[in-house]
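1. sequence first, predicted model second:
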2 protein chains.
Amino acid sequence: MSERFSFKLSATDGRARSGTISMLRGDIQTPAFMPVGTAATVKAMKPESVRATGADIILGNTYHLMLRPGAERVAKLGGLHRFMNWDRPILTDSGGYQVMSLSDLRKLTEQGVEFRSHIDGSKHMLTPERSMEIQRLLGSDIVMAFDECPRADRPRDEIAASMELSMRWARRSRDGFDSDEDHSSRAALFGIQQGALDEDLRRVSADKLIDIGFDGYAVGGLAVGEGQEAMFGVLDYAPEMLPDNRPRYLMGVGKPDDLVGAVERGIDMFDCVLPTRSGRNGQAFTWDGALNLRNARHAEDTAPLDAKCECPTCANYSRAYLHHLQKSGEILGAMLVTEHNLWFYQQLMRAMRQAITERKFASFAEKFRNLYSSD
Amino acid sequence: MSERFSFKLSATDGRARSGTISMLRGDIQTPAFMPVGTAATVKAMKPESVRATGADIILGNTYHLMLRPGAERVAKLGGLHRFMNWDRPILTDSGGYQVMSLSDLRKLTEQGVEFRSHIDGSKHMLTPERSMEIQRLLGSDIVMAFDECPRADRPRDEIAASMELSMRWARRSRDGFDSDEDHSSRAALFGIQQGALDEDLRRVSADKLIDIGFDGYAVGGLAVGEGQEAMFGVLDYAPEMLPDNRPRYLMGVGKPDDLVGAVERGIDMFDCVLPTRSGRNGQAFTWDGALNLRNARHAEDTAPLDAKCECPTCANYSRAYLHHLQKSGEILGAMLVTEHNLWFYQQLMRAMRQAITERKFASFAEKFRNLYSSD
């Protein structure tokens, strides 16, 4: 618990790996799922309830936090951990992805991205250096390099140029991160592989990142509409281009079957809004597949969401009650289903870690695969 | 704990009283504040968190529950307690007030009220007998007589006629309640005094109710826009018209200073949506008065909502964070401020019970009075 960052593999089964990341704020068991705390809150959850699900680490969004309440303000208030009452590791994204998907009037140059806030129209600039500064002000434990993430269906020369830009930004991110000795002595920096669906570009990107050197490596540019088959196609080669002895993080993924298929292909870390966003919409994940609580067939069902689930929602409430809360638009409905979904995701991660340790991952994955339809 | 219903006064100070209601599902310390669980949930709160505030009893709304999910459905699912995971006493209102304020196309006759649902336009009838049946199907512990509540500013003959109708309905409510031996052997029935701001009508109403005989008595028809001064005017005589040895319940009240002034005048029980509704809107109640968390002056305030408060929100979060959550429209903002407000209300009730026991209520009330502006 007293090291800045280490990653120890404890078991492998095929390409699937299980291990532990150790950081100053606590250990992270991998494969790990990180609940998303966009605006300094995992939506509809108290932090102690997030921790109770088994989450070792959560994610914060640089883009959202820089706009509201502002990185300097968070720093002034003692950092993101204290602000939101979460004392374990926080990974922050770089803002690169969300600035392109959410902001208005953005202008991309070699220097970075100029944009207007989607909240109040105010003008901002994100560069690799500013992204590092913001993540430092937030007090991030795992800092992500600033990158650009193009749509996977763009022409190859665009994808290549974008990847090359991201690699120059990765270098500047490394330098920016290292320039603050206080923060870099306590936090870790991850690089992000780009190259969309092109194996050669993925190789070039991986080599450039390894040359710079990072604590961990993300597979970026996936889960942007390419579909599960194409994503798994990339994951059949991309993770192995990255160092064996470093955690591999698949950003923005995914559905339960996405996680299983990605772990099968050597991924160690995930984040996704799906369990929380779905929870607010009454979509629940269970060991028997997904179900929509708004459906009238649940109106008189006294069964819990999932008889195999250990979460407080399944211990205390019927599907009929959850259906009623969803139909009535009650906040408690969002709270209870979000909590269940986050428990389900963490139970799934634990089950995967155990299957890897017992070297039964292939049969676990096979059994699980049919429960969830892919997109 | 093994009696259907008893009320024992343990201390009095002036007209203020402190005591204990004992019921099969648990004791209720009075003066008591009942959080409102309109649609089978105290909004934005888990039931165990409601209990942790010190609440001994909550309120459920007959009108809302009969429309969604439906009283027969709640009964089929094991009753309201099991449905919403609250095993302590529940008081249900009769639907009389809300059917007049919320429903569409209502038609009032001697028999009852015919109306259309504000949710789906479906046609329903509420009568004293049906109200008793619904409250039985819900599994209510304290059942309220079905009444009509006119605006206090109506002409005296209308107020009088309405009160007389409510008294005939009180008789029918008593008979309806008594007709189910199973439920009436476990639950209590309260009558509701009407008569608006007219002392003579209040006297007539009280005498008629006492003649019928109830486990407890509500002062109805207040907090409907008449203002605090007029309400206190009625409370200067109305509670004493009701039996000393029975709990007196002021329905739908109120602001913290309303509660203090009403306890001072002999009231034992309250319910109000104010702490929960205000919590969702970022309005917090504290020992230094009310404050609005949306106000920009809280943006960098590292202090808790209330340094004297023992609630989890004040233990873990700054005003700056709560301000951020409110500005961002986050569900957690509603959760944390609602929780604080319910804690504040229960701490206020405890402080009043203690002040009565120590026979210091007058000085407590005087000190408190200036914190909150009246409407």
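-> That came through fine. Numbering: from 1, shown residues only, chains lettered A, B, ... in the order given.

2. before we move on, what SS does the spatially most central residue of chain A have?
-> Chain A has A:D271 as the residue nearest its centroid, 1.8 Å off, counting by C-alpha atoms, centre = their mean. At A:D271, secondary structure determined by DSSP: H, G, I helix; E, B strand; the rest coil is strand.

3. who's it bridged to?
-> In this entry, A:D271 is beta-bridged to A:M34, by DSSP bridges.

4. which SSE is the residue lying closest to A:F232 once chain neighbours are set aside in?
-> Excluding its sequence neighbours, the residue lying closest to A:F232 (C-beta to C-beta, 6 or more residues apart in numbering or on different chains) is A:G261, at 5.4 Å. Any C-beta I mention is one placed from the backbone N, CA and C, and that applies to glycine too. Under the criterion of DSSP states H and E, A:G261 resides in helix A:256-264.

5. returning to that earlier point: what's the residue nearest to the centre of chain A in contact with, if anything?
-> Contact analysis of A:D271 by C-beta atoms under 8 Å, 6 or more residues apart in numbering or on different chains lists A:F33, A:M34, A:P35, A:V36, A:L59, A:L91, A:Y249, A:M251, A:G252, A:V253.

6. and it, how far is that from chain B?
-> Using C-beta to the nearest C-beta, to the nearest Å, A:D271 is found at 18 Å from chain B.

7. three-state assignment of whatever residue of the stretch 101-250 of chain A ends up closest to chain B?
-> In the stretch 101-250 of chain A, the residue that lies nearest chain B is A:I119 (9.0 Å; C-beta to the nearest C-beta). Three-state call for A:I119 (three-state DSSP): coil.

8. need phi/psi at it.
-> With angles defined as degrees, to the nearest 10, A:I119 sits at phi -90, psi -50.

9. give me the number of residues near A:K360?
-> 13 (other C-beta atoms under 10 Å in any protein chain shown).

10. okay, the nearest residue to it once chain neighbours are set aside: pLDDT?
-> Using C-beta to C-beta, 6+ apart and skipping the chain neighbours, the partner closest in space to A:K360 is A:D13 (7.3 Å). According to the prediction, A:D13 has pLDDT 98.

11. show me what A:D13 is bridged to.
-> Going by DSSP bridges, A:D13 forms beta bridges with A:A16.

12. how many neighbours does it have?
-> Count around A:D13 with other C-beta under 10 Å applied: 20.

13. report the secondary structure element holding the closest residue to A:Q193 other than its chain neighbours.
-> Spatial nearest neighbour of A:Q193, chain neighbours left out: A:S205 (4.7 Å); criterion: C-beta to C-beta, 6+ apart. Applying DSSP H and E as the criterion places A:S205 in helix A:199-212.

14. buried ones in that helix, by neighbour count?
-> A:L201, A:R202, A:V204, A:S205, A:A206, A:K208, A:L209, A:I210, A:I212 (16 or more other C-beta atoms under 10 Å in any protein chain shown).

15. report the contact partners of the second one.
-> In other words, A:R202. Residues in contact with A:R202 (C-beta under 8 Å, 6+ apart) are A:Q193, A:Q194, A:G195, A:V234, A:Y237, A:A238, A:M241.

16. need these in TSV (columns: secondary structure, neighbour count and pLDDT).
-> Listed next are those as TSV, based on DSSP: H, G, I helix; E, B strand; the rest coil; neighbours: other C-beta atoms under 10 Å in any protein chain shown; pLDDT from 0 to 100:
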residue	secondary structure	neighbour count	pLDDT
A:Q193	strand	32	98
A:Q194	coil	31	97
A:G195	coil	28	97
A:V234	helix	23	98
A:Y237	coil	13	98
A:A238	coil	28	98
A:M241	helix	20	98
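
17. among the residues you listed, which two are most distant?
-> Using C-beta to C-beta, the pair of the contacts of A:R202 lying farthest apart is A:Q194 and A:Y237, separated by 14.4 Å.

18. next one: the spatially closest residue to A:L102 that is not a sequence neighbour from A:D104, what distance?
-> Closest residue in space to A:L102, ignoring its immediate chain neighbours: A:H118 at 5.2 Å, by C-beta to C-beta, 6+ apart. To A:D104, A:H118 is 6 Å away according to C-beta to C-beta, to the nearest Å.

19. same check, this time on A:V273
-> For A:V273 relative to A:D104 (C-beta to C-beta), the value is 21 Å.
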